[in-house]
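K.L.:
This is a predicted model, with the sequence first.
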Amino acid sequence: MLEIKNLQAGVEGKMILNGIDLSINAGEVHAIMGPNGSGKSTLAQLLAGREGYEISAGSVSYKGQDLLDLGPEERVREGFFLAFQYPVEIPGVNTTYFLRAAVNALREHRGEPELNAVDFLKLMREKIQLLELDESLLKRSVNEGFSGGEKKRAEILQMALLDPTFAVLDETDSGLDIDALKVVAGGVNHLKRADNAQLVITHYQRLLDYIVPDYVHVLVDGRIVKSGPKELALELEERGYDWIIEEQAA
Amino acid sequence: MVAPAQNCDAVDRLLAALPEGDAAGRAQFAELGFPTPRDEDWRFTPVKPITELNFTAPAADTNATLDGCVFAGITGPQLVFVNGHYAADLSQIGELPAGVEVRNLTAGDCPAPPTAEDAFAALNAAAATDGPYICVANDVNFETPVRVYYLSTGRAGATANVRGYIRAGANSKLTVLESWAGTQAGYFNNALTELHAADNAQVEHVKFQDEHTGAFHVGALHTTMGRDARVAHHSLALGGRIARNNLRAHLNGTGIEAVLNGLYLPRAGQLIDHHMVVNHAQPHCDSHEYFNGILDADARAVFHGRIHVHKGADKTDAKQTNKNLLLSDSATIDTKPQLEIYADDVKCTHGATIGQMNAEQIFYLRARGLDEEAARRMIMHAFAGEIVERIQHEAAREELDRLVWDRLEQMKGVGAA
């Protein structure tokens, strides 16, 4: 489904990703772990189409298309989704209005009829329960004044509404207490199907107790230096990253 | 003091055009003269185009109508002034509950205003023809909004001075919706409204100014607040050629909550200026000023916000924000926040931003499937909506939201990168 080959990219002449290779198939959950500054978030943002990165080599193929050739909104319409590490506050944009516009943009692309306000509300009520979100949030401005946990749950609500084929979760667990983490992970697991895939980026092994990956990759200095089964995450939790870095240096 | 030379002629011509009135006021206006860019408070707002007008005192116009004016769907008393004169046939007072007075001014209604701080206030004191008188007695909760319409049908140079007086008694509630509209270029409105909110009064005052793009407008709102008063003023300024709003707020008791909330949307050739001074005289008061502006083409806007916390006004919480969105490279904003604090234990913040669309927000919306133009549009409407949604009166808020939406859709710079 997603095939990253030798991806090299940087910002203002500074290289951040130094040749990433990653292949993800439908039905799989992959986790990327790594120390601060290893390039995790850059990878997530670049996949979502943020401007400002210089891509010097490599390719990203998504469902047979060149992902890097598509604008951010086109990626979403092809079923790509990024749950932001830092969801952006947009004062003045009503959450319900925004979500309906997003859902309808996708439906239009698929040739489906627009959802009217009533049908949309029905759909949203169903999804919101999954995330145990307070319905009053929907009347507020997008992410404005939301707590950290509310923001992250709202991201997963958006994911549930857009029902992506491929989702990247960028440190969705950061800043969550254990109860909120369980809710968020429960939501993500609920959205898991045989025909979609997820890439979970995290700093903490804890998340992987709730979202169980098929593969764990370790990102150091913009390269995947080690890949393995989910047990690798436990080892990282216990031993940190230094041994891998040393192993690489050797 | 001698009036600046370049304005002597304009002052003389204006005084000659206006009916004889208060001699002292005329003398003061003559002495002060029109402000010049050398005057700090008028540095960014040149009034030269006003001084060049061929001043006349317009008569009442019986052909004027309220067609197309805002708040038409709202019921309740309405006062209409055409070219500064009370239009009894267009006004509707209706049955009012005891303790509520809505009418035009009569002699002796309002005490002499405090010393005029500038020529326009002096001119108003000298030459005001008429204006609204709205009073709610103590303990009267008047839920129905009072609408005040100012229509201008005069030609270039037609000069109207209107004086308004609004008083909300202790423990009362009052909503006033003001609309300014005009039909021809070049007229000049000079207004001064006094708003007094007594102890524990709750007042909402909305000023919707959408005049001819060739019109001149100087409007002052002087607000005094008593203990525990809660006053919200909303200025929706769609402007004229030059529109200046002088807001003065005096927080004279403890426990006051004052909100000054404004949105300005100047288009090509327009200048909109908000100049405010908020005086905190007593402890435990909150004042919040929120002003957002969206500027298209070569539009100009000025924001000046001074918060003055007097000695002893401890526990003051004063917040001021001024955010500007420039849709074009040739739009200009001059913003000047100022804090003057003479008390020890206060919380005062101010911030001003000037910029293009927020790239983070645009990316976030695109990452949810909206195309770039839809994203820009949504953010621009949000920027305006943030201000509009503070209006408490539901019907007024909804109507103004639609009007602002339509106006924004007409801005040329919306879809531009």
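P.N.:
Sure thing, it's come through. Numbering: from 1, shown residues only, chains lettered A, B, ... in the order given.

K.L.:
so who does residue 54 touch?
P.N.:
Looking at chain A here, since you left the chain open. By C-beta atoms under 8 Å, 6 or more residues apart in numbering or on different chains, the contact list for A:Glu54 reads A:Ala9, A:Gly10, A:Val11, A:Glu12, A:Gly13. Heads up, the C-betas are built off the backbone N, CA and C, glycines and all.

K.L.:
meant chain B actually
P.N.:
B:Arg13, B:Ala156, B:Gly157.

K.L.:
Could you find the closest non-adjacent residue to B:Asn104?
P.N.:
Using C-beta to C-beta, 6 or more residues apart in numbering or on different chains and skipping the chain neighbours, the partner closest in space to B:Asn104 is B:Tyr86 (4.0 Å).

K.L.:
Please report phi then psi for the one you found.
P.N.:
For B:Tyr86, the backbone dihedrals (degrees, to the nearest 10) come out as phi -70, psi 130.

K.L.:
neighbours around it, how many?
P.N.:
Counted with other C-beta atoms under 10 Å in any protein chain shown, residues neighbouring B:Tyr86 total 19.

K.L.:
picking that back up, which ones among the contacts of B:Asn54 are found in helices?
P.N.:
B:Arg13 (DSSP state H).

K.L.:
returning to that earlier point: what remains of the contacts of A:Glu54 if I keep only buried residues?
P.N.:
With neighbours counted by 16 or more other C-beta atoms under 10 Å in any protein chain shown, these contain buried members at A:Ala9, A:Gly10.

K.L.:
Who does B:Phe291 form a beta bridge with?
P.N.:
Beta-bridge pairing for B:Phe291 (DSSP bridges): B:Gly262, B:Asn322.

K.L.:
how about it, what does it touch?
P.N.:
B:Phe291 neighbours (C-beta under 8 Å, 6+ apart): B:Leu260, B:Asn261, B:Gly262, B:Leu263, B:Tyr264, B:His274, B:Phe303, B:Gly305, B:Thr321, B:Asn322, B:Lys323, B:Ile387.

K.L.:
What distance do you get for it to B:His233?
P.N.:
According to C-beta to C-beta, to the nearest Å, B:Phe291 stands 11 Å off from B:His233.

K.L.:
quick one, strands of chain A?
P.N.:
Along chain A, the stretches classed as strands by DSSP state E are A:2-11, A:14-24, A:29-33, A:54-62, A:65-66, A:80-83, A:90-94, A:141-142, A:166-170, A:197-202, A:215-220, A:223-228.

K.L.:
The third one pairs with which strands, parallel or anti?
P.N.:
This means strand A:29-33. Here, using DSSP bridges, strand A:29-33 pairs with strand A:197-202 (parallel), strand A:215-220 (parallel).

K.L.:
quick one: pLDDT of A:Ala233?
P.N.:
At A:Ala233, the model reports a pLDDT of 87.

K.L.:
ugh, wrong one, I meant B:Pro4
P.N.:
B:Pro4 carries a pLDDT value of 49.

K.L.:
What of the one 5 residues further on?
P.N.:
Here the pLDDT value assigned to B:Asp9 is 90.

K.L.:
swap in B:Gly240?
P.N.:
B:Gly240 is assigned 93 on the pLDDT scale.

K.L.:
Alright, that wraps it up for me.
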